[in-house]
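Student: Structure, please.
(one chain, ligands or ions: 1)
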Amino acid sequence: MVQLKEYTKDEIQKTKAAGKVVIILHDKIYDVTEFLNEHPGGEEILIDHAGKDGTENFNDVGHSQDALDLMNKYKIGELVESERTNKPLKKGWVAGYNNKQPEKEKYVKGPGAPFYTLIAAIMLLAAIVFYNMS
Ligand code: HEM
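Tutor: Prediction:
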């Protein structure tokens, strides 16, 4: 296995002054400077956590498996062993779940297909009658 580069919390904090957005999550280090514009949760929240440990808030949000897979792309290292908190990764529900539309709004409001079929049939009948009369 490839050995990850080790950093101290102090070193991570200093990256902020260098204009980078580097965040500690579950004792791993992520450089998300290039990801700011793409983050579905917005760049603001990432900038707020620059140079800090965002584990707690990251867990509270509840990121999906896709998000966790994507994180690997931005991983640059891990905390030195003496500074690790060993907080477990929390997942199991998808971010945005509470923002989903209520069930009933998924259905189309209006008369529905049988009504339009009836209208079409009446018009067809009227056209036939009209054609036969002329
Ligand atoms: C490498 C780090 C990160 C990656 C790759 C990442 C990726 C993502 C992705 C893909 C989503 C869309 C929803 C999902 O698939 O779960 C998301 C949503 C979100 N993320 Fe992150 N994220 C990162 C770090 C963070 C951090 C440190 C926070 C701070 C709390 C955060 C807060 C949020 C919020 C608030 C949302 C929106 C949730 C919603 O729509 O309900 N993310 N993130």
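Student: Stretch 17-26 and the ligand, are they touching?
Tutor: Yes: under the criterion of C-beta under 6 Å from any ligand atom, stretch 17-26 makes contact with the ligand via residue 23. Backbone N, C-alpha and C define where each C-beta goes, glycine included.
Student: Same question for that stretch: list its buried residues.
Tutor: 21, 22, 23, 24, 25, 26 (16 or more other C-beta atoms under 10 Å).
Student: So for the last one, what's the pLDDT?
Tutor: What the model reports as pLDDT for residue 26 is 95.
Student: Over to the second one?
Tutor: Here, the pLDDT recorded for residue 22 equals 98.
Student: got the buried residues for stretch 47-58?
Tutor: Quick answer for stretch 47-58 (16+ other C-beta under 10 Å): 49, 50, 51, 53, 54, 55, 58.
Student: Sitting in strands, which of the residues you listed do you find?
Tutor: The strands in this structure, assigned by DSSP state E, contain none of the buried residues of stretch 47-58.
Student: Now do whatever residue of the chain ends up closest to the ligand, the pLDDT please.
Tutor: Nearest residue of the chain to the ligand (C-beta to the nearest ligand atom) works out as residue 41 at 2.4 Å. On pLDDT, residue 41 comes in at 96.
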